[in-house]
Structure formats: structure tokens, C-alpha cells
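# Output the structure for:
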Amino acid sequence: MKKRTPKVLLTSLMLILTLSVMALLTGCGGTPTLEEYINDNPKEQEAMDSELDKANVTLAQSGMSATIDIKENQVIYTLKLGDMYKGEDMDAIKEYLEQYLETMSSNYETLADTLEKETKIEGVTVRVVCVDPNDEEICRKDYKPSK
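Sure, this is the predicted structure:
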């Protein structure tokens with residue numbers, strides 16, 4: 001019985017050390033996410049913000065606005081309908097937006113593909129979310145690289 005106790009302790013200690021090293025290596029040498037890439041490359045963030053500002057000038061003419069967020073490996077475009085759309089037939093608007101998102105599939109798939117190639121980060125996706133003036137989701141669509 002006494003011989004098993006040191007063996008159990010050593011096995012437990014080795015398991016703890018192995019898991020600690022794995023955690024350390026995962027944190028240091030793992031593949032960065034798109035979010036980390038953007039955070040580490042301020043010029044990329046500035047370029048993205050500049051393009052978003054230009055888009056919002058155009059969208060404002062139609063009573064809409066857009067935001068871009070990056071979470072992990074996903075670029076999330078949120079298109080918000082302005083107050084001028086309150087009281088409108090949201091079913092008709094939803095149908096139109098879903099058709100629009102479908103017709104834009106190749107563009108967003110190409111964007112995801114380009115982001116993967118430029119950053120060398122695999123698994124990049126693009127999500128477009130359309131929300132009403134109250135920030136209630138109307139529809140969304142996810143796009144993967146076309147490859």
C-alpha cells in the first residue's frame with residue numbers, strides 16, 4: 001500500500017505538469033485568431049474603420065447604419081435599419097433582406113477567402129446580421145470561404 005501512494009502522487013504530479021506545459025504552449029505558440037491579428041495590427045483596424053465610416057455615409061442616406069465586430073475568427077457586420085423603418089411591414093423587409101444576403105453570397109465568401117489568405121488564419125467566417133430600429137434581429141447569414 002505504501003508503494004502505491006508515491007506512484008499515485010508522481011503520476012498526479014506528472015499529469016499536472018503536462019497539463020500546465022500544454023496550457024502554456026497553447027497560450028504562447030498557438031495560431032492567432034483574426035481578432036488577435038486585428039488587435040496586433042492597428043493599421044488594419046484603421047483601414048477597416050475608415051471603410052466603415054465611408055459606408056455609413058452612404059447608408060445614412062437610406063436611414064441605415066453599420067458596425068463591424070470581430071470575435072475570434074468571425075467578422076460580424078451588423079446592418080441597422082433606422083427609425084424611418086419603424087411601422088413598416090417587417091415581413092416584407094425581412095424577405096427583401098434575406099434575398100439580398102443570398103445574392104451577395106459570393107462577395108462575402110470571397111471576403112472570407114481573402115481574409116484567410118492575407119492573414120494565413122484558417123476558419124475565417126463572415127456573418128451579416130440585419131436588425132430593426134430596436135436592435136431586434138431581422139435576419140442573419142453566415143459565409144465561409146468559397147475555396
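# which sections of the chain are below the confidence cut-off?
Flagging of the chain using pLDDT under 70 yields the residue ranges 1-31, 147.
# which residues in it form strands?
Under the criterion DSSP state E, the chain carries strands at the ranges 64-71, 74-81, 125-131, 137-143.
# Direction included, what does the second one pair up with?
Read it as strand 74-81. Using DSSP bridges, the strands paired with strand 74-81 are strand 64-71 (antiparallel), strand 125-131 (parallel).
# Dump those strands to TSV, plus mean neighbour count.
Every residue, glycine included, has its C-beta placed from N, CA and C. Listed next are the strands paired with strand 74-81 as TSV, based on neighbours: other CB atoms under 10 Å:
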stretch	mean neighbour count
strand 64-71	15
strand 125-131	19
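# Ok, which of those comes nearest residue 51?
Proximity to residue 51, assessed across these by CB to CB, is greatest for strand 64-71 (8.6 Å).
# could you pull out the helices for this structure?
4-29, 34-40, 42-60, 90-103, 105-119 (DSSP state H).
# tell me the domain ranges of the chain?
1-30, 32-143 (automatic domain parsing).
# Can you get me the start-to-end distance on the longest one?
Using CA to CA, to the nearest Å, the span of domain 32-143 from its first residue to its last is 20 Å.
# And that domain, how far out from the chain middle?
9 Å (CA atoms, centre = their mean, to the nearest Å).
# where's the residue nearest the centre of the chain relative to residue 39, distance?
The residue lying closest to the centre of the chain (CA atoms, centre = their mean) is residue 74, at 2.0 Å. Distance, residue 74 to residue 39, by CB to CB, to the nearest Å: 14 Å.
# for residue 93, same thing?
Relative to residue 39, residue 93 is positioned 35 Å away (CB to CB).
# What of residue 90?
Applying CB to CB, the value for residue 90 to residue 39 is 36 Å.
# Over to residue 142?
For residue 142 relative to residue 39 (CB to CB), the value is 22 Å.
# residues in contact with the closest residue to residue 122 other than its chain neighbours?
Excluding the flanking residues, the one nearest residue 122 by CB to CB, 6 or more residues apart in numbering is residue 116, at 6.1 Å. Under the criterion of CB atoms under 8 Å, 6 or more residues apart in numbering, the contact partners of residue 116 comprise 122-124, 145.
# Appreciated, that's everything.
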